[in-house]
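Student: What would the 3D arrangement of this be:
(one chain, ligands or ions: 1)
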Amino acid sequence: MDETRPGRPASGAAQVRLPSPEQEIRGEWTAEQGVRLILKRDDLIHPEIPGNKWRKLKRNLDAANEQRQQTLLTFGGAYSSHIRVTAAAGRIFGFSTIGVIRGEEHLPLNSSLSCAASRGMRLVYMDRATYRRKREPDVIAQLRKRFGDFYLLPEGGSNELGVWGCAELPREIEPPFDVICCLCGTGGTLAGISAGLGEGQRALGFSALRGGQFLAGDVSQLQQATCGRVFENWSIEYDFHFGGFAKSTTVLRDFVADFRARYGLTLDWVYVAKMMFGIFSLVERGAFPSGSTIVAVITGSDWDPSR
Ligand SMILES: *Cc1c(COP(=O)(O)O)cnc(C)c1O
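Tutor: As a prediction, the model looks like this:
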């Protein structure tokens, strides 16, 4: 083993906590509507590689090892948690990491990117037009010319191996449930969860993006590529993005504060809080029949409470 590489695979893997725990939360609103709400605490899977990011990375890291790749290259926006988490995973499991960031460099780095940089990730920037073509062979060939060989992780870690990883989630849940909810950024998590459901269960995604309607097509494509079919047990809510990705409002901030006061859990505002607000709203509207058990996947943790 090359001593200059910082990885400590054994101890990093030892920190992984699976299956992640479940936690039921109760309030007047659940009692009134006759529903149960269970949190699937994927935020507790790993201190630096939480939630769906661990599920999506796991098989990809194995594949990178099998292919004897030493470098992971991936893509993301300036607030991408996938970028941050890939940087952490690289450090822990002994890969160098390159993050290709959409748009121009803005200095000083925001807290998300400086976190990635502090984990040793090399950050490079790609103009938006080229970024849109990032899956095309000529763009990837240019990157290989510039950086040498690497294991390519797509944006969000959402490839077939990532979807398979997420498909394991529903089977871990002990109590019988009717609906499972998750937040959608690229849709890989929803694609996997839906593929792992049993008879009669449904998956409900909440878009973190404004104008996220394209997500339905992406989820279908990922399922087709991974499972050879598109499942019909899922749908997406588009109305809880609070202005768009990494945007927030007073209403959302108050919701996060109130949830923390009631249940002692600080919801990550970029992703999880928007889903949870959406679930509360749908429950209040009576969107779930009385007697339903709803699982809310806490896909990540609030990594930077200062914001
Ligand atoms: C990345 C992320 C998501 C989005 O997952 P996708 O598979 O890209 O849809 C949801 N929640 C959290 C906490 C995340 O970090």
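Student: Spell out which parts of the protein neighbour the ligand.
Tutor: Counting by Cβ under 6 Å from any ligand atom, the residues of the chain lying close to the ligand are 51-53, 81-82, 156, 158, 183-189, 268, 271-272, 299-300. In this view, the C-beta of every residue, glycine as well, is placed from N, C-alpha and C.
Student: mind listing which of these are in helices?
Tutor: Within the residues of the chain next to the ligand, residues falling in helices by DSSP state H are G51, N52, K53, S81, H82, G188, T189, V272.
Student: Report the contact partners of the fifth one.
Tutor: The contact partners of H82, by Cβ atoms under 8 Å, 6 or more residues apart in numbering, come to K53, T74, G76, E155, G156, G157, G185.
Student: Go through those and give me the one with the most neighbours.
Tutor: Most neighbours among those, by other Cβ atoms under 10 Å: G157, with 29 neighbours.
Student: any idea what sits nearest it, other than its immediate chain neighbours?
Tutor: K56 (3.8 Å; Cβ to Cβ, 6 or more residues apart in numbering).
Student: correct me, but the one you found touches A167?
Tutor: No: no contact is recorded between K56 and A167 when judged using Cβ atoms under 8 Å, the distance being 10.9 Å.
Student: Between these two, point out the one with more neighbours.
Tutor: Ranked by neighbour count (other Cβ under 10 Å), K56 and A167 place K56 first, with 29 against 20.
Student: from the ones in helices among the residues of the chain next to the ligand, which two are the most distant?
Tutor: The span of these, defined through Cβ to Cβ, is set by G188 and V272 at 16.0 Å.
Student: Residue of this protein nearest the ligand, please.
Tutor: In the chain, the residue that lies nearest the ligand is G300 (2.5 Å; Cβ to the nearest ligand atom).
Student: All the helices of the stretch 1-150 of the chain, residue numbers only.
Tutor: Along the stretch 1-150 of the chain, counting by DSSP state H, counting those that start in this stretch, helices occupy 9-14, 28-33, 51-66, 81-93, 111-118, 128-132, 137-147.
Student: Same list (those) but as CSV, adding mean pLDDT.
Tutor: What follows is these, written out as CSV (pLDDT from 0 to 100):
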stretch, mean pLDDT
helix 9-14, 63
helix 28-33, 87
helix 51-66, 96
helix 81-93, 96
helix 111-118, 95
helix 128-132, 97
helix 137-147, 97
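Student: Pick the most buried one from the ones you listed.
Tutor: helix 81-93 (a mean of 26; mean count of other Cβ atoms under 10 Å).
Student: Dump that one to PDB, keeping only the CA atoms.
Tutor: Listed next in PDB are the C-alpha coordinates belonging to helix 81-93 (Å, rounded to 0.1, in the frame of the first residue of the first chain):
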ATOM      1  CA  SER A  81     -23.700  17.000  -1.400                       C
ATOM      2  CA  HIS A  82     -22.500  14.200  -3.800                       C
ATOM      3  CA  ILE A  83     -19.400  16.200  -4.400                       C
ATOM      4  CA  ARG A  84     -18.700  16.700  -0.700                       C
ATOM      5  CA  VAL A  85     -19.400  13.000   0.100                       C
ATOM      6  CA  THR A  86     -17.300  11.700  -2.700                       C
ATOM      7  CA  ALA A  87     -14.400  13.700  -1.400                       C
ATOM      8  CA  ALA A  88     -14.900  12.200   2.000                       C
ATOM      9  CA  ALA A  89     -15.300   8.700   0.600                       C
ATOM     10  CA  GLY A  90     -12.100   9.100  -1.400                       C
ATOM     11  CA  ARG A  91     -10.100  10.200   1.600                       C
ATOM     12  CA  ILE A  92     -11.500   7.300   3.800                       C
ATOM     13  CA  PHE A  93     -11.200   4.600   1.200                       C
END
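Student: Perfect, that will be all.
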